[in-house]
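# Here's my sequence, what's the structure:
(one chain, ligands or ions: 2)
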Amino acid sequence: MEDSRGIPVSTTDKIVVAIDGPAGSGKSSVSKAAARRLGFSYQDTGAAYRALAWYVAERGIDTADEAAVVEALRDFDYAIGIDPDNYFVRVGGIDVEEAIREPRISAIVSSVARILPVRAYLVELFRHVIETSDTPGIITEGRDITTVVCPDAPVRILLTASEEARMARRSAEISGQSAADVAKNLLSRDAQDSRVVDFMNAADGVTVIDSTDLDFDQTIQAVVDLIDAQAGESAS
Ligand SMILES: Nc1ncnc2c1ncn2[C@@H]1O[C@H](COP(=O)(O)OP(=O)(O)O)[C@@H](O)[C@H]1O
Ligand SMILES: Nc1ccn([C@@H]2O[C@H](COP(=O)(O)OP(=O)(O)O)[C@@H](O)[C@H]2O)c(=O)n1
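Ligands and ions are numbered 1, 2, ... in the order given. The predicted model follows:
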């Protein structure tokens with residue numbers, strides 16, 4: 001098998017890339033674009049936490065009831081597209097890609113993500129997706145990918161950006177909410193999430209890419225360059 005630049009890669013040498021960072025740092029959009037450029041797969045792990053939050057909300061389960069949320073995992077029929085050109089998120093066959101981004105889901109997702117058996121279950125699911133992906137590499141992004149899901153990945157990146165840049169990017173995306181509300185919600189979600197995993201500081205061996213002063217294309221290039229440099233290093 002060859003990657004999109006013609007470099008031979010066997011499936012056993014799959015290049016695993018782990019990217020973490022706070023909300024609005026560019027993880028999803030940059031990872032998807034970098035994967036497309038490299039002919040890699042792309043796994044959005046936040047979508048799984050969001051989809052579970054959507055599912056428990058549909059069933060009228062209070063996210064404070066941890067046992068009920070864990071119980072709901074038994075029937076949680078989740079599917080995600082990892083082809084950057086065929087991205088989808090489905091629960092029980094229903095397309096939830098847009099529904100899981102609604103503010104009502106962003107408001108409850110952290111309370112689902114802090115439940116440890118939920119994390120253990122989803123971490124296994126993410127690893128399974130990585131193992132069974134059939135492209136020369138896969139970029140997986142989230143909050144604990146560099147530290148918990150794939151601490152041994154040959155390429156591990158913490159993608160950051162200043163609070164101002166992250167809030168401005170997110171509020172440009174969301175209509176129907178004031179910039180002040182978007183900022184407040186984003187910061188409160190980061191604060192809640194930080195209690196469970198540390199995605200504000202790079203763990204040992206993790207490279208920081210700060211996108212505050214980079215435009216979208218420059219950020220993609222910085223990620224692709226690092227993958228080229230580090231994946232080559234680990235193969236030699
Ligand atoms: N370096 C950048 N410069 C400008 N805008 C960016 C940059 N990186 C990402 N964006 C934009 O910021 C928004 C938030 O990015 P997203 O990928 O959703 O972040 P995250 O997944 O970390 O929450 C998107 O609209 C994206 O296009
Ligand atoms: N690896 C991950 C990914 C997401 N999450 C949770 O899922 C939520 C949504 O993640 P996301 O990546 O879609 O969020 P954004 O940064 O795109 O807004 C986060 O706020 C976390 O609560 C997590 O706990 N661990």
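# Show me which residues of the chain are close to ligand 2?
23, 28, 45-46, 49-50, 109-110, 113, 142-145, 189, 193 (CB under 6 Å from any ligand atom). (Each C-beta comes from the backbone N, C-alpha and C, glycine too.)
# between the residues you listed, which is closest to ligand 1?
Using CB to the nearest ligand atom, residue 28 is the member of those that lies nearest ligand 1, at 3.4 Å.
# check which helix or strand covers the closest one.
Using DSSP states H and E, residue 28 maps to helix 27-38.
# Equivalent analysis for residue 180, please.
Using DSSP H and E, residue 180 falls within helix 179-194.
# packing partners for that helix?
Under the contact criterion of 3 or more CB pairs under 8 Å, 6 or more residues apart in numbering; DSSP states H and E, helix 179-194 touches helix 103-113, helix 163-173.
# For residue 19, find the nearest of these.
helix 163-173 (15.0 Å; CB to CB).
# Any part of the closest one near ligand 1?
Yes. Applying CB under 6 Å from any ligand atom, one finds helix 163-173 in contact with ligand 1 at 169-170, 173.
# What is the lowest-pLDDT residue among those residues?
Lowest in pLDDT among the residues of helix 163-173 next to ligand 1 is residue 173, which has 84.
# thinking again about what came up before, just name the closest of the residues of helix 163-173 next to ligand 1 to ligand 2, please.
Closest approach between the residues of helix 163-173 next to ligand 1 and ligand 2, by CB to the nearest ligand atom: residue 170, at 7.2 Å.
# quick check, nearest of the residues of helix 163-173 next to ligand 1 to residue 180?
Proximity to residue 180 was ranked across the residues of helix 163-173 next to ligand 1 by CB to CB; first place goes to residue 170, at 12.2 Å.
# Not counting sequence-adjacent ones, nearest residue to that closest one?
Among residues not flanking residue 170 along the chain, residue 24 sits closest, at 4.2 Å (CB to CB, 6 or more residues apart in numbering).
# ok, now which ones touch the one you found?
Applying CB atoms under 8 Å, 6 or more residues apart in numbering to residue 24 gives the contacts 161, 165-167, 169-170, 186.
# Is it in a helix, a strand, or coil?
coil (DSSP: H, G, I helix; E, B strand; the rest coil).
# coming back round to it: could I get the residues of helix 163-173 next to ligand 1 in CSV, plus columns for neighbour count and distance to residue 232?
Below are these laid out as CSV (neighbours: other CB atoms under 10 Å; distance: CB to CB, whole Å):
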residue, neighbour count, distance to residue 232
169, 19, 31
170, 19, 34
173, 10, 34
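# follow-up on the earlier one: quick check, nearest of the contacts of residue 24 to ligand 1?
Closest approach to ligand 1 among the contacts of residue 24 (CB to the nearest ligand atom): residue 169, at 3.2 Å.
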